[in-house]
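>>> Build me a model from this:
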Amino acid sequence: MNRPRPGARGGFTLVELLVVIAIIGTLVGLLLPAVQAAREAARRSACSNNLKQLGLAYHNYEGSYKGFPAWNRHFSQTELSALSPAAPFAGASQDTRRGFAANGQVLPFIEEATRFALFDLKRPLIDPRNLPAPYPGATVPASSRENIPVFICPSTPSDKSDYGPYGTGSIPGWPTSYRLGRTDYVPTRGVAGNLAACSGLPNTNLENGMLGVSDADCSGLNCPTLERMPRVKLGAATDGLSKTILLAEIAGKQDRYFMGKLVPNSVVDGISDRGVSGEPIHLNSFWGDWNTARRITGYSGADATQPSLPGCTAINVLNRDGIYSMHPGGAMVVRADGSVAFLTAETAANIVVAMITRDSGENVAME
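Modelled structure (predicted):
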């Protein structure tokens with residue numbers, strides 16, 4: 001019989017090896033959620049920092065121009081007629097008379113003055129002078145279309161912002177693929193009627209968000225009382241600056257997300273932003289687009305086949321017109337005083353409405 005020599009080292013048995021592997025697997029399984037949570041905490045912190053920078057930028061803008069930029073403005077026919085060279089598309093629709101979005105107007109205050117100078121704010125956004133390459137004859141370089149980091153939440157997986165379907169076939173020379181820099185942070189122009197009704201108000205759309213104005217919409221091309229929308233002054237937030245939302249996350253565009261999951265293109269639920277082929281045209285993603293500003297809407301969250309089904313939940317249900325983020329449990333907003341808050345997904349409709357409206361007389365506290 002062979003006996004092990006004194007001091008000799010024996011090898012691992014198969015059972016011992018399997019036990020070690022099982023222990024390592026268990027430890028990795030326990031460690032992975034902690035690592036993922038730490039990464040998300042870092043991304044959420046970066047997201048919060050972005051919003052702080054934007055809040056400061058809006059306040060610096062307000063200090064320079066004595067008011068926040070309205071979410072949108074129309075050029076008057078007099079202004080358009082005086083342009084040289086003429087604005088070739090102006091007057092064809094309301095869109096062709098609109099200028100830069102609020103986020104675009106604060107570019108100089110986020111260290112993007114060079115990019116800002118490439119555009120002509122005296123002309124509509126949909127104008128050859130303001131359409132970056134590859135639009136034919138563009139004077140704005142293609143580099144201006146790149147993402148600006150401060151507008152992007154690191155937790156967002158999407159990077160889709162193709163405006164090709166918007167103008168193809170209707171605006172001469174419009175590229176079939178036309179990527180523009182994306183934003184996850186949008187102005188809150190007001191509250192949709194269904195969410196207002198959830199808080200006990202009449203079922204009518206409200207335009208009294210911090211960057212909204214009472215006459216922000218116009219049903220025709222001749223809007224003599226609308227032309228230059230007034231800037232909203234700090235004093236207009238009679239509910240309190242710390243109790244009024246300035247910007248909110250609506251992340252993940254142009255993809256559509258419902259309750260934390262990507263909505264497949266095959267889902268049809270009455271959403272109007274669809275092309276003739278039936279595929280979604282989820283626009284409202286470019287930082288310079290006035291339509292990134294949204295009336296915050298409530299959704300039910302009850303049926304994944306009908307993502308836009310109305311209801312009274314306004315946070316993390318659908319990233320069409322609801323406040324939405326990729327953070328678990330809620331979404332970030334920046335208040336009108338420049339501070340940042342995290343709203344949980346369970347925040348009641350009446351609280352959300354109170355925080356979006358600037359002058360409705362509610363008295364709510366934001367943590």
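
>>> Relative to Ile21, how far out is Leu27?
11 Å (CB to CB, to the nearest Å). The C-beta positions use only the backbone N, C-alpha and C, and glycine is treated the same way.

>>> how many other residues sit next to Gly104?
By other CB atoms under 10 Å, the residues close to Gly104 number 24.

>>> For it, give me the pLDDT.
Gly104 carries a pLDDT score of 92 in this model.

>>> immediately after the strand or helix carrying it, which helix or strand?
With secondary structure defined by DSSP states H and E, Gly104 is part of helix 102-105. Per DSSP H and E, helix 102-105 leads on to helix 113-116 as the next helix or strand towards the C-terminus.

>>> Flag every buried residue along that following helix.
Judged by neighbour count (16 or more other CB atoms under 10 Å), helix 113-116 contains these buried residues: Arg115, Phe116.

>>> After that helix, which helix or strand is next?
Counting by DSSP H and E, the next helix or strand C-terminal to helix 113-116 is helix 164-167.

>>> need the next SSE after that following helix, C-terminal direction.
The first helix or strand that comes after helix 164-167 along the chain, using DSSP H and E, is strand 185-191.

>>> by contact count, what packs against that following strand?
Using 3 or more CB pairs under 8 Å, 6 or more residues apart in numbering; DSSP states H and E as the contact criterion, the secondary-structure elements in contact with strand 185-191 are helix 14-65, helix 102-105, strand 245-249, strand 294-296, helix 349-356.

>>> What pairs with the fourth one, parallel or antiparallel?
Right, strand 294-296. Based on DSSP bridges, the pairing partners of strand 294-296 within the sheet are strand 185-191 (parallel).

>>> which other residues reach the strand it pairs with?
Here strand 185-191 makes contact (CB atoms under 8 Å, 6 or more residues apart in numbering) with 50-51, 54, 71-72, 101-103, 151, 153, 205-212, 216, 245-250, 284, 292-296, 334, 353, 356-357.

>>> List the residue ranges of the stretch 151-300 of the chain that fall below the pLDDT cut-off.
Under the criterion pLDDT under 70, the flagged ranges of the stretch 151-300 of the chain are 213-230, 265-283.

>>> Surely Val334 forms part of a strand?
Yes - secondary structure assignment places Val334 in a strand (DSSP: H, G, I helix; E, B strand; the rest coil).

>>> Contacts only, for it.
When the contact criterion is CB under 8 Å, 6+ apart, the partners of Val334 are Leu51, Lys52, Leu54, Gly55, Tyr185, Ile245, Leu246, Leu247, Ala248, Val340, Ala341.

>>> burial of Gly330, as a residue count?
Gly330 has 19 neighbours, counted by other CB under 10 Å.

>>> next one: the one 10 residues further on
Applying other CB under 10 Å, we find 17 residues neighbouring Val340.

>>> Let me know the pLDDT of it.
According to the prediction, Val340 has pLDDT 96.

>>> Any figure for the gap between it and Thr188?
Summarising the geometry, the distance separating Val340 from Thr188, computed by CB to CB, is 14 Å.

>>> circling back to that earlier point, what's the ChimeraX syntax to select whichever of the contacts of Val334 are buried?
For selection in ChimeraX, the members of those meeting the burial criterion (16+ other CB under 10 Å) are listed in this command:
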select :51,54,55,185,245,246,247,248,340,341
